[in-house]
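**Q** Quick one: sequence plus predicted model below, questions after.
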Amino acid sequence: GVRNEPLQDPVNRGVKRLFDILTSGVFLFTVFPIVYLIAGIIIKIQSPGPILFKQKRNGLDGKEFYCLKFRSMHVNKDSDRIQATKNDPRKFKFGNLMRKTNIDELPQFINVFKGDMSLVGPRPYLPREKDKIGSNLRTIALAKPGITGMWQTSGRSDIDYPERVQMDSWYVHNWSVWLDLVLLWRTIAVVLSHKGAY
């Protein structure tokens, strides 16, 4: 028979969405304006250009949306094509710090509040990565991409691509409120240990 995933249940989706709205709403209307002001000023001083970096990603049911981040690189034509490396010269000083501490991800709370993303979920994949995901794409598309998730709390940049896909697929198959809470707790540990992305 056809397997029904947990997040295909409207009740489960409703519970997850309610938690996302409440959590992201509190953050956006309290702490985020201060973070945006401070980060925005430093970004503008160190690197001319926009404060936010917008990139097309695939979300629920494969729909495209613009994923938001604080810009951590100098404006360059390869920002959408070439992934950042450990000593990437395109990163400016504060941008590198933001990536290491995951501060660059905080604008994604806007995506969560809007409903494009969830606090916890699969990695928000790029449209060009569809073929690389392969048969797991149908499963992963059943969940909204998350600010954090399995791969983000398990090594992030050090996890190879096939393993990331398998982690995201496992998350969708095994979703529960408890799993989300565990991953959020693990995210706090990762942030405090400064194990961010390159």
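**A** Perfect, thanks for sending it.

**Q** burial count for residue 58?
**A** The number of residues packed near residue 58 is 23, by other Cβ atoms under 10 Å. C-beta here means a position set from N, CA and C on the backbone, and glycine is covered the same way.

**Q** confidence score at it?
**A** pLDDT for residue 58: 94.

**Q** For residue 148, see how far away it is.
**A** Note on residue 58: its distance to residue 148, by Cβ to Cβ, to the nearest Å, is 18 Å.

**Q** and if you look at residue 54?
**A** 20 Å.

**Q** Under the pLDDT cut-off, which ranges of this structure? List them.
**A** Along the chain, segments meeting pLDDT under 70 span 1-3, 156-157, 194-198.

**Q** the more surrounded of residue 54 and residue 148?
**A** Neighbours were tallied for residue 54 and for residue 148 using other Cβ under 10 Å; the higher tally belongs to residue 148 (24 against 13).

**Q** for the helix or strand hosting residue 137, packing partners?
**A** Per DSSP states H and E: residue 137 is located in helix 137-140. Contact here means 3 or more Cβ pairs under 8 Å, 6 or more residues apart in numbering; DSSP states H and E; on that basis helix 137-140 packs against helix 161-173.

**Q** Counting by contacts, list what the helix or strand that comes right after the helix it packs on packs against.
**A** Scanning forward in sequence from helix 161-173 by DSSP H and E, the next helix or strand is helix 177-192. Applying 3+ Cβ pairs under 8 Å, 6+ apart, one finds that helix 177-192 makes contact with helix 10-28, strand 118-120, strand 146-148.
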